[in-house]
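In: Sequence first, then the predicted structure:
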Amino acid sequence: MASKLGGDGLIGELCNGFNLLKDSEKRVITFNSLKKNSTLFGLQNLTDDDLRSMMREGDFDSDWVLNQMEFTA
């Protein structure tokens, strides 16, 4: 995908994904916003444990949310 989009295109697409998944008030991805919006990506069959695992994987600062830098890393 990166070769098709180029570096800037890939980052742009990741940022678009972040914007779709984030909590509009908190401006970060929370567990609840991920659960609510994951169906946009066809992930409706993931369990709560799967979603929590995804959050833990990207949560580098252990604040239980994903900011844009963590999401795109």
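Out: That came through fine. Numbering: from 1, shown residues only.

In: only C-alpha atoms for contact and neighbour calcs from this point on.
Out: Fine.

In: And stretch 48-67, what's buried?
Out: Judged by neighbour count using 16 or more other Cα atoms under 10 Å, the buried positions of stretch 48-67 are Leu51, Arg52, Met55, Arg56, Gly58, Asp59, Phe60, Val65, Leu66, Asn67.

In: what about that stretch, how long is it end to end?
Out: 20 Å (Cα to Cα, to the nearest Å).

In: where do the helices sit along the chain?
Out: Under the criterion DSSP state H, helices of the chain are mapped to 2-21, 31-37, 48-58, 68-72.

In: so which of these is the most packed in?
Out: helix 31-37 (a mean of 18; mean count of other Cα atoms under 10 Å).

In: so where's this structure shaky on pLDDT?
Out: The model of the chain has pLDDT under 70 over residues 1-9.

In: Now with 50, please.
Out: In the predicted model of the chain, residues 1-2 satisfy pLDDT under 50.

In: residues near Lys26, how many?
Out: Neighbour count for Lys26, taken as other Cα atoms under 10 Å: 11.

In: Can you pull the phi/psi pair for it?
Out: phi -80, psi -20 (degrees, to the nearest 10).

In: separation between it and Asn67?
Out: 10 Å.

In: ditto for Asn19
Out: 10 Å.

In: and what of Asp50?
Out: Taking Cα to Cα as the measure, Asp50 and Asn67 are separated by 19 Å.
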